[in-house]
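dropping the sequence and predicted coords here.
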Protein chains: 2
Amino acid sequence: MSELRFDVTTADWVAFAPSRALRPHHEAFRAVPTDGNLSTAHCPFCPGNEAFTPPDIYVAQGANGGWRVRVVPNKFPALRIEEDTRRIEDGPAFHRMGGCGAHEVIVESPEHTVFLAQQPVDQIELVLRTVQRRHQDLMGDRRFQAIIAFKNHGPAAGTSLEHPHWQLIATPIVPRMLRQKHQVAEEYFDRSGGCLYCVILDEELRSGTRVLAANDGYVALLPYASHVPFETWIMPKRHRASFAVVEPTELRPLAELLRLVLLKLYTALDNPAFNLTIDTVSRGDEDKEYFLWHIRILPRLTTPAGFELGSGMSINTVLPEDARAFLSEVATTENHAVGRTEPAKVPVPA
Amino acid sequence: MSELRFDVTTADWVAFAPSRALRPHHEAFRAVPTDGNLSTAHCPFCPGNEAFTPPDIYVAQGANGGWRVRVVPNKFPALRIEEDTRRIEDGPAFHRMGGCGAHEVIVESPEHTVFLAQQPVDQIELVLRTVQRRHQDLMGDRRFQAIIAFKNHGPAAGTSLEHPHWQLIATPIVPRMLRQKHQVAEEYFDRSGGCLYCVILDEELRSGTRVLAANDGYVALLPYASHVPFETWIMPKRHRASFAVVEPTELRPLAELLRLVLLKLYTALDNPAFNLTIDTVSRGDEDKEYFLWHIRILPRLTTPAGFELGSGMSINTVLPEDARAFLSEVATTENHAVGRTEPAKVPVPA
């Protein structure tokens, strides 16, 4: 049983998924439960253990008969497709609905411990293409208003399973934070006729002090008002509001730049915990001018505390210009030459 | 040098306080630096080590000649009173200002390891009164628009020093999250003529399923749409928009209820990490009808991950009704009988 409850004081929906944790008895909350260091014998994402997960949603087969990428439902989903979207009034200030949505896991490699950026570009491209296909497929369900695609790396970033994976959550409402972000950009568009994010990108390219790397299709930069140390964005040079409408051919340069950025962070900060999310528009705005989809990488080097929770503001201890200078000096070790990898084969999802 | 930078994509101000951390070189970010387990000989908040901090802002003396509560400037402030509030344009999308504000520490006891709820009610009342006096005093500086009072408990809650303390940060802008929360409540007031929080409190008292405890002046409850497991609010029965205008005589029942709630959380969850903040209005709204000041206690039992950072939504694994039932069954050990303590003596701040 999942449900969504509306916080009338903030206009946020909160997802309640009691099955995700142990019941609230003494032992359950003595420590945060984690199974992060499962051996490969018990890891549900390792080859041979496919029966430990719910049945596949999608599998990308490799040349050797094994799989290269595997998509399965999350065994402890935050939201579930069988729930209802009707609003229920528990009282004048208490509104809820069923925890309707979807929660999928994209296992990004058969290997238990390999880091995304240490994989061949082909494999990273395949992961991105799989994320995109699942995004497109989930938006076929018209109850879903937004898709949050994300990757957690390291226990400090909330990873509960070590085996590298991405997740997608489809929500039946537009989360308030995203709605607000879209409204800010829409108001800018109404006022100026332009895309706020394209203006930012142009300004960053002109100044150069926060641009970490770029290729034909994308720019990696550390934003002017970074909320956390070493926050890094990857922005497309070509205006598109949604990750779902990016041409498949445009995913290869994205994979290349993502790999470079993650290698730099990995090397410079000694394999930091981080969260990666794809910022994109919600249902119906895929062709709009006001927003530019982008990747946000948020290293988890500091712990938000009472001030951050009480004010919503961030305290950042590193200026993005300093972080960019530091990352720029880092030489990345290229373990995988691009030419050495097998060509990407991307089967159509079932 | 502190500065505030405006995030044009979210309308948040971000505080940059580079002096708070080591410079961004390799060692600095291998691990989050912490001095949480300083021995009392080196603890800047222990009696005898007063010279380790900047000079006192305020001291509450005890009967024995030593201090009971001590307020000092934060040695590594997020914001500083000597900075400027003028806005500077670094480009069409880049706006900043000096990191103007104040950042104070309230050492809540001479004892290095005592937990707030294990102290006599008198001492808790004195701490609350000191927080209130500092709030009132800081609002005398008309550059400051909002005061965030908070307490971090435990490393998972971002504590950098073990010796128990509160902090106050005065900001020269109204943080966007608070502005939005106030707007929601103001719109409710404009529509209905009532205070949204008083409506919530009435509904909670009627249903009772989320009310943990109450006394003459206050109600402790676990909110309907709790963002984290065991989130607990303490709300005053008497309508007041700001903590700053609470009568000093009303702080004793608050201290009693806060002590009970913290003891229950401590016992039930085995001394969990938590953040405590005081939600209150910003400058000029102290007498308004739309808002009810309240205390929020946010246990840090789970780690927000990519979904939470990407969507702004929370996933909560424990329904507040279940958490309340669990806490209600907990017997709290009363180490300090109320009558045993010395009467509160609250000197006027310097």
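Received, thanks.

got the residues of the stretch 251-350 of chain A near chain B?
Within the stretch 251-350 of chain A, the positions near chain B by CB under 8 Å from any CB of the partner chain are A:268-270, A:272, A:275-279, A:296, A:298, A:301-319, A:322-323, A:326. Quick note: C-beta positions are derived from backbone N, CA and C, even for glycine.

sketch out the low-pLDDT regions of chain A for me.
Within chain A, the stretches with pLDDT under 70 are A:19-38, A:333-350.

tell me the centre residue of it?
Central residue of chain A (CA atoms, centre = their mean): A:Phe150, 1.8 Å from the mean position.

who touches that one in this structure?
A:166-169, A:275-278, B:305-307, B:309-310 (CB atoms under 8 Å, 6 or more residues apart in numbering or on different chains).

follow-up on the earlier one: can you select the buried ones from the residues of the stretch 251-350 of chain A next to chain B in ChimeraX?
Selecting only the buried entries of these in ChimeraX, with 16 or more other CB atoms under 10 Å in any protein chain shown as the criterion:
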select /A:268,269,272,275,276,277,278,279,296,298,301,302,303,304,305,306,307,308,309,310,311,312,313,314,315,316,317,318,319,322,323,326
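
could you pull up the contacting residues of A:Met177?
A:Met177 touches A:12, B:10, B:311-313, counting by CB under 8 Å, 6+ apart.

residues of the helix or strand hosting it that come out buried?
In this structure, A:Met177 is located in helix A:176-192 according to DSSP states H and E. When neighbours are counted by 16+ other CB under 10 Å, the buried residues of helix A:176-192 are found to be A:176-182, A:184-186, A:188-189.

looking at those, which is nearest chain B?
A:Met177 (2.5 Å; CB to the nearest CB).

what distance do you get for the closest one to A:Cys43?
33 Å (CB to CB, to the nearest Å).

related to what we said a few turns ago, grab the nearest non-local neighbour of the residue nearest to the centre of chain A.
Spatial nearest neighbour of A:Phe150, excluding adjacent residues (CB to CB, 6 or more residues apart in numbering or on different chains): B:Gly306 at 2.8 Å.

doesn't A:Ala157 make contact with the one you found?
Yes - counting by CB atoms under 8 Å, A:Ala157 is a contact partner of B:Gly306 at 7.4 Å.

can you pull the residues that touch both of these two?
Common contact partners of B:Gly306 and A:Ala157 (CB under 8 Å, 6+ apart): A:Asn275.

can you give me the offset of stretch A:265-277 from its chain's centre?
Distance, stretch centre to chain centre, for stretch A:265-277: 14 Å (CA atoms, centre = their mean, to the nearest Å).

please export the C-alpha coordinates of that stretch as PDB.
Taking Å, rounded to 0.1, in the frame of the first residue of the first chain, the C-alpha atoms of stretch A:265-277 are listed here in PDB:
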ATOM      1  CA  LEU A 265      35.000  14.000 -10.100                       C
ATOM      2  CA  TYR A 266      36.100  10.400  -9.300                       C
ATOM      3  CA  THR A 267      39.800  11.200  -9.600                       C
ATOM      4  CA  ALA A 268      39.700  14.600  -8.000                       C
ATOM      5  CA  LEU A 269      37.500  13.800  -5.100                       C
ATOM      6  CA  ASP A 270      38.500  10.100  -4.600                       C
ATOM      7  CA  ASN A 271      35.300   8.500  -5.700                       C
ATOM      8  CA  PRO A 272      32.800  10.800  -4.000                       C
ATOM      9  CA  ALA A 273      29.200   9.800  -3.300                       C
ATOM     10  CA  PHE A 274      26.900  11.700  -5.600                       C
ATOM     11  CA  ASN A 275      23.300  11.900  -7.000                       C
ATOM     12  CA  LEU A 276      22.700  12.400 -10.600                       C
ATOM     13  CA  THR A 277      19.300  13.500 -11.900                       C
END
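
give me the contact list for that stretch.
Contact with stretch A:265-277 is made by A:115, A:117, A:148-159, A:230, A:232, A:295-301, A:326-327, A:330-333, B:26, B:29-30, B:305-306, B:309-310, as judged by CB under 8 Å, 6+ apart.

of those, just the buried ones, PyMOL syntax please.
Typed into PyMOL, the line below selects the buried ones among the contacts of stretch A:265-277, using 16+ other CB under 10 Å:
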select buried, (chain A and resi 115+117+148+149+150+151+152+153+154+155+156+157+158+159+230+232+295+296+297+298+299+300+301+326+327+330+332) or (chain B and resi 29+305+306+309+310)
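
in helices, which of the contacts of stretch A:265-277 fall?
A:326-327, B:306, B:309-310 (DSSP state H).

now, which of the residues you listed sits nearest A:Ala214?
A:Leu327 (13.7 Å; CB to CB).

contacting residues for the closest one?
So A:Leu327 contacts A:212, A:222, A:230, A:264-265, A:268 (CB under 8 Å, 6+ apart).

can you name the two of those that sit furthest apart?
For these, the farthest-apart pair by CB to CB is A:Leu222 and A:Ala268; their separation is 12.1 Å.

sorry, back to before: wait, which of the contacts of A:Met177 is closest to A:Gly99?
B:Met313 (11.5 Å).

ok, now which ones touch the residue nearest to the closest one when sequence neighbours are not counted?
Leaving aside its sequence neighbours, B:Met313 sits nearest to A:Pro175 (CB to CB, 6+ apart; 4.7 Å). By CB under 8 Å, 6+ apart, the contact list for A:Pro175 reads A:12-13, A:146, A:148, B:311-313.

let's go with 10 Å and repeat that
A:Pro175 sits next to A:12-13, A:15, A:145-146, A:148, A:169, A:181, A:282, B:307-308, B:310-313 when contact means CB atoms under 10 Å, 6 or more residues apart in numbering or on different chains.

for A:Glu247, same thing?
A:217, A:238, A:240.

from those residues, list the buried ones, please.
With neighbours counted by 16+ other CB under 10 Å, those contain buried members at A:217, A:240.

if we can go back for a sec, quick one: which of the contacts of A:Leu327 sit in helices?
A:264-265, A:268.

just name the closest of those to chain B, please.
A:Ala268 (7.3 Å).

in which helix or strand would I find A:Val105?
Short version, using DSSP H and E: A:Val105 is in strand A:102-107.

mind checking if that strand is in reach of chain B?
Yes - Strand A:102-107 lies within reach of chain B by CB under 10 Å from any CB of the partner chain, at A:His103.

helices of chain A, residue ranges please.
A:121-138, A:176-192, A:196-207, A:251-268, A:306-311, A:320-328.

of those, which is nearest A:Gly66?
helix A:121-138 (12.9 Å).
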